[in-house]
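[1] no sequence on this one, just coordinates:
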């Protein structure tokens, strides 16, 4: 939807890559402009010439990429000099995550990242990106999860071993992964 919106609103040619052939096939089924191109490709192995793009956007993708640093270097390679890379990604808000929180939160979400907010900034700088703006949304995420915990406590207040007790426990462990 974002790629189609950008293509339609800016009259830009948009290239969408995905590692999932299923997602590519589903995207191609939806009505889209002829300015929207789809490629099955890995983020850390971009099959494009150097400086192919004026803008690169990544939305909740990089935390899935095992070779994240290589992917970011690939993005820099295909990005035209002095143009823009916009991304948002999940980070590890607390540098010291307990083994229990790691198991119950990160492994269930099937991601683990060595990056926190400032680590991303340092790494991007080391790859020659000029950082224009960086916003850490951990406080917002904490508020969201705290609210979800409250809902879970109120609506799923069940004895251990019954009903959705495990869901409540999952949210409680998620909250523990935040340093607040």
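    Great, that's in hand. This structure is a prediction, so every number in the text was calculated from the model and none was measured. Numbering: from 1, shown residues only.

[2] now the strands for this protein?
    Ranges of strands in the chain, per DSSP state E, are 14-18, 36-40, 53-59, 79-88.

[3] most tightly packed of these?
    Mean neighbour count (mean count of other C-beta atoms under 10 Å) peaks for strand 14-18 among the strands of the chain, with a mean of 19. All C-beta spots, glycine's among them, are computed from the backbone N, C-alpha and C.

[4] is residue 36 in a bridge, and if so with what?
    Judged by DSSP bridges, the bridge partners of residue 36 are residue 14.

[5] gap between it and residue 56?
    Per C-beta to C-beta, to the nearest Å, residue 36 is found 15 Å from residue 56.

[6] still on that earlier bit, got a markdown table for the strands of the chain, with mean pLDDT and distance to residue 133 too?
    As requested, the strands of the chain are exported to a markdown table (pLDDT from 0 to 100; distance: least, C-beta to C-beta, whole Å):
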| stretch | mean pLDDT | distance to residue 133 |
| --- | --- | --- |
| strand 14-18 | 91 | 22 |
| strand 36-40 | 91 | 27 |
| strand 53-59 | 91 | 14 |
| strand 79-88 | 89 | 10 |
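
[7] JSON lines for those strands, including distance to residue 148?
    Putting those into JSON lines (distance: least, C-beta to C-beta, whole Å) gives the following:
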{"stretch": "strand 14-18", "distance to residue 148": "29"}
{"stretch": "strand 36-40", "distance to residue 148": "34"}
{"stretch": "strand 53-59", "distance to residue 148": "22"}
{"stretch": "strand 79-88", "distance to residue 148": "20"}
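
[8] relative to residue 141, which of those strands is closest?
    Nearest to residue 141 among the strands of the chain is strand 79-88 (11.6 Å), distances taken as C-beta to C-beta.

[9] now do the contacts for the residue most central in space within the chain.
    For the chain, the residue nearest the mean C-alpha position is residue 60 (2.0 Å; C-alpha atoms, centre = their mean). Residue 60 makes contact with 88-90, according to C-beta atoms under 8 Å, 6 or more residues apart in numbering.
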